[in-house]
Structures are given as C-alpha cells and as structure tokens.
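J.: I'll drop the sequence and a predicted model, then ask my questions.
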Amino acid sequence: GAIDPTRTPADPLQRDYTLQFQISSEATRATLPKTGIQVFGAALHMHKAGLRGRLQLIRDGENVLDVYDSRSYDFDRQAPDLRRWRLLPGDAMIFACIFRPDKYVDILGGLRTEDEMCNWAIGFSPELPNYRSGVGYLVTPDQPFRNSFIGNVPNTTRGLYMPEDMAPFSPDPRGWVDLREYREDHCETVIRDESNLSSYSWGDANVYAIYVTIAAFVMCLLIERLVPGIRDINSLRIKRNAVVCIIQLIFSTAFLVPLLVLAAPIFDSNTTFKAYDVDTHNELRGIISTQILLYIIELFYRVGIRPEVVAHHILTAGLFIFLNYVASTSFAFEYATKLGAILILLAMLDQPKNLTLLIRYLGHGRATWWPMLCQIAAVWYVFSKLAVIAAAAFFMAESHNGVEMSWSIPGHSFSEWMENYDLTDSVVIGVVSMFMFLLLLDQLYTAHVLWKLATRAKAQNEVAPSSQKPLTAST
C-alpha cells in the first residue's frame with residue numbers, strides 16, 4: 001500500500017511500535033489453485049529500526065499457526081525462515097512488523113535505509129506467473145478490515161505506492177472469529193514475546209532431563225522396595241541389574257509401537273517439501289531422548305558395571321549427540337530425525353536379552369530351559385542389530401543419492417545466509433558409520449557373553465544330576 005502507513009512516531013521511551021497488514025481470505029480464494037501452494041520459506045525485510053516480525057496464518061477465521069516469528073531481526077544479518085507450510089484458498093494472512101521508535105523524530109516510510117518498510121517475501125511452489133505479488137494495507141483497531149491485492153503489481157507502483165482502490169478484494173468481517181474468544185491466547189503470546197519464552201514441548205531438553213531422572217529414580221526405588229523377587233535379592237549389584245532390566249523391558253515394550261507409528265509418516269515426505277507435524281517430531285524425539293537418558297542414568301545406578309555396557313551406552317549417547325549437531329548445523333533435522341528413529345531400534349529391540357538376564361538375576365538361571373532361552377536371546381540380539389544397521393545404511397545410501405530432500409536445504413538459493421557450511425552428507429555417513437561399526441563390535445561381544453552364559457549353564461545342568469544322585473538315594 002502507500003508508504004505513509006509505515007511511519008513510526010517518535011517516542012522518548014522507545015516503546016515497541018507494531019504495524020499490521022492483512023491479505024484477506026477473499027484474495028487467496030480468488031487467486032490460488034484448489035490444492036493451494038506449498039510454502040518452503042519466508043523472509044522479512046525492514047530497515048535499522050526493525051526489531052521483530054510475525055506472519056500469522058488465519059484459517060476459517062482462526063489463527064492456526066504463526067508461520068514466521070522472528071524474535072531478533074537484524075538488518076545486517078537478514079535470514080529467511082525455512083519452515084514449510086501450506087497456504088490454501090480461503091486462508092488469510094496478517095503480517096506484523098515491530099519497530100523501535102526514535103526518541104526525537106518520526107521515522108518515515110520509504111526506500112532509504114534511514115526510512116522504514118515492512119516487506120515480506122514468500123518462496124512457494126508451484127509457480128503462479130499471474131500472481132507473484134501481494135499487497136496488504138495497514139489494519140488498526142478502528143479499521144480492522146482493509147482491501148487486499150494479489151497479482152502482478154503494475155510497474156508504476158512497485159507495490160509501494162499502490163492506492164487501496166486498486167485492490168479488488170474486500171474482506172468479509174463475518175468470516176472472522178471474535179477476538180474475545182482468543183484473548184487468553186493473545187495475552188499468552190504477548191507475555192512470551194516480552195519474556196522471550198518459547199512454547200514448551202515434552203520433547204525439548206530444558207527441564208526434560210530433570211523429570212525423566214526423577215521418574216527413573218522413583219521407579220528404581222519402588223521396584224527395589226516393593227517387588228518381592230527383587231526385594232529378597234541380597235547382592236546389591238544383582239538387585240540393581242535386575243531393576244535395570246525391568247525398567248528397560250517396560251519402556252522398550254510400551255514405546256516400541258508408538259515409536260514406529262510416530263516415525264512412519266516422516267518417511268513419506270522424503271522427496272518433497274511436504275509439511276509435517278511438529279508435535280509428532282517432538283514426541284518422537286522425546287521417546288529417543290528418554291532411552292538415551294535411561295542409559296546415562298544406568299551408568300550411575302549400576303554397581304560394578306561391565307566395560308562393554310559402559311562402552312555401549314557412551315557410544316549410543318555420542319551417536320545421538322552427533323545427530324542433534326547435524327540437525328542444528330545443516331537444518332536437515334528431518335534427515336537426522338529419520339536416522340535417529342532407525343538407530344534407536346538398536347536399543348528398543350533388546351527385550352529378549354533383558355528378559356533372559358532378569359530371569360537369571362531372579363535365581364532361575366539353573367533351570368533346564370534357561371540355556372536355550374539365553375541362546376535364542378543371543379541369536380535375536382545379533383540379527384536384530386544387523387537388520388537395524390542394514391536399514392540405516394540403506395537410508396543413508398538413498399539420501400546420498402539425492403532422495404532425501406531435507407538434506408538439500410543448504411543447496412537452495414535461499415540458503416546463502418548459512419555461513420561456513422561444511423557439514424556434508426558424506427561426512428555424516430562417515431561419522432555415523434564409524435559409530436555403527438563400534439556399536440556392532442560391542443554388541444557382538446555382548447552376544448558372545450550371552451552365548452557363553454548359556455553354554456556354561458547347560459554344562460552345569462548336565463553335571464548337576466549325576467552329582468546329586470547319591471544325595472537323592474540317601475534321602
């Protein structure tokens with residue numbers, strides 16, 4: 001619209017000054033294809049006084065998502081937000097620019113750096129040759145509904161001086177939900193903005209480790225004190241080993257199916273920029289993080305822990321720390337999440353091993369059937385690890401051949417702002433392969449120990465009957 005609405009009045013206290021512009025649902029309904037457009041990035045452009053910006057997606061009159069929310073805009077370090085989302089016909093958008101006023105003079109709207117503007121760029125697919133630009137006009141409490149324009153802006157206006165009478169799409173106020181119904185959400189958003197608080201998810205790591213640790217401690221305490229078979233074990237080392245087996249059995253059995261269900265949808269979008277459910281990613285990362293935390297807690301809880309167990313848990317934690325680094329450095333977090341979902345199965349498929357060892361800790365290791373169970377657990381242990389590693393290797397080979405689009409984000413034209421990008425998929429494959437090789441060696445040794453226990457127990461069972469015959473006769 002006109003440049004004048006971007007005027008920021010002087011304020012001696014330099015309080016934040018917000019301007020909002022609107023593209024109405026009528027504009028998108030008349031111009032977008034029926035299937036909508038796939039947005040893969042958005043960028044905000046202001047000048048020196050710009051502080052923050054937000055792009056709200058309005059669907060059916062409700063704010064369904066803040067598709068862009070910049071908390072620290074910097075004119076000298078401008079960067080796009082690579083979040084993917086779908087813009088459908090009938091969606092509306094509200095663009096907000098927050099400025100810091102000058103203490104003494106008004107900041108005018110204009111093209112000069114000392115002036116201000118509120119410009120947005122959205123990267124989307126498929127291309128719409130006849131609808132490349134959109135113009136929204138300043139909305140205020142006393143004038144909340146203004147006309148919108150989507151099309152090719154005339155060269156004479158450059159989108160900066162277009163009068164509102166050239167915008168043909170008028171919003172229908174009846175399609176908007178009363179703000180009072182969402183006042184609490186709005187207040188929460190304001191408080192979070194002012195306090196720089198992010199929305200919390202159970203998959204985040206800030207206090208997540210605390211309550212997982214507390215939950216694990218309570219579980220260990222309850223099992224040690226209340227479960228009869230565990231409570232009666234005299235050896236502290238054996239007792240705690242048994243407790244660990246019980247907790248791992250409960251967790252891996254309860255969350256194996258949810259892990260597979262949550263991971264399945266993200267493997268369908270590896271060739272496109274299809275949007276995904278962020279909550280699903282958080283829940284999936286939460287399951288993975290819980291397993292890693294249980295491993296770390298186990299290192300401090302056990303007594304006289306075996307070296308191969310220490311090596312296994314540290315290698316597993318190191319692998320997932322590296323995958324988190326890959327996600328945060330390369331922005332290929334979907335790739336890292338998929339690989340993590342595959343590799344965590346190395347830990348989530350240990351039920352036969354944990355059950356076999358638990359039975360032994362409970363004093364049934366000399367039962368005639370236990371050696372066979374131990375051998376089955378050893379065979380399952382080896383083949384399950386080989387299957388998971390083969391699946392991970394296949395996935396990495398596919399991504400290396402260009403199938404995984406989330407890994408190619410840094411290669412797009414809108415990613416030039418990513419500085420010092422030197423983490424390639426070849427480096428990731430090399431590091432992850434090294435971790436997998438070391439873990440495989442460790443797990444093969446564990447399988448060898450299981451097989452050795454089975455052989456020893458079988459031999460003892462064969463010797464025990466002959467040694468007990470005289471005793472049986474005398475009684």
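T.: It's in.

J.: tell me which element the closest residue to residue 34 other than its chain neighbours is part of?
T.: Taking Cβ to Cβ, 6 or more residues apart in numbering, and ignoring the residues beside it in sequence, residue 34 has residue 89 as its nearest neighbour in space, at 6.5 Å. In short, each C-beta sits where N, CA and C put it, glycine included. Here residue 89 sits in a region with no helix or strand, counting by DSSP states H and E.

J.: how much space between residue 89 and residue 95?
T.: Noted for residue 89: a distance of 19 Å to residue 95, by Cβ to Cβ, to the nearest Å.

J.: neighbour-wise, which of the two wins?
T.: Set side by side, residue 89 and residue 95 show more neighbours around residue 95, with 22 against 16, by other Cβ atoms under 10 Å.

J.: that one contacts residue 118, doesn't it?
T.: Yes: using Cβ atoms under 8 Å, residue 95 makes contact with residue 118 at a distance of 6.6 Å.

J.: between these two, which contacts overlap?
T.: 21, 53 (Cβ atoms under 8 Å, 6 or more residues apart in numbering).

J.: hang on, residue 41 in a strand?
T.: Yes: counting by DSSP: H, G, I helix; E, B strand; the rest coil, residue 41 is found in a strand.

J.: relative to residue 79, how far out is it?
T.: 10 Å.

J.: counting neighbours, go ahead and name the busier of these two.
T.: residue 41 (21 against 17).

J.: so how far is residue 424 from that one?
T.: Residue 41 sits 21 Å away from residue 424 when distances are taken as Cβ to Cβ.

J.: ok, for residue 392, nearest residue in space, not its chain neighbours?
T.: Of all residues not flanking residue 392 in the chain, residue 342 sits nearest, at 4.8 Å (Cβ to Cβ, 6+ apart).

J.: secondary structure element holding that neighbour?
T.: If you go by DSSP H and E, residue 342 is part of helix 333-343.

J.: cool, and residue 444?
T.: Secondary structure assignment for residue 444, by DSSP H and E: helix 425-474.

J.: what packs against that helix?
T.: Helices and strands touching helix 425-474, by 3 or more Cβ pairs under 8 Å, 6 or more residues apart in numbering; DSSP states H and E, are helix 307-330, helix 333-343, helix 351-359, helix 370-400.

J.: which of the ones you listed has the lowest mean pLDDT?
T.: Note on the helices and strands packed on helix 425-474: lowest mean pLDDT is at helix 333-343, with a mean of 85.

J.: need the contact partners of the helix or strand just after that one.
T.: Heading C-terminal from helix 333-343, the first helix or strand you meet, by DSSP H and E, is helix 345-348. Residues from elsewhere that reach helix 345-348, judged by Cβ under 8 Å, 6+ apart: 252, 255-256, 259, 291, 295, 316, 384-385, 388-389, 391, 439, 443.

J.: go again with 7 Å.
T.: Here helix 345-348 makes contact (Cβ atoms under 7 Å, 6 or more residues apart in numbering) with 252, 256, 259, 291, 316, 385, 388, 439.

J.: got a quick PyMOL command for the buried subset of these?
T.: Here is the PyMOL command that selects only those of the contacts of helix 345-348 that count as buried (16 or more other Cβ atoms under 10 Å):
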select buried, resi 252+256+259+291+316+385+388+439
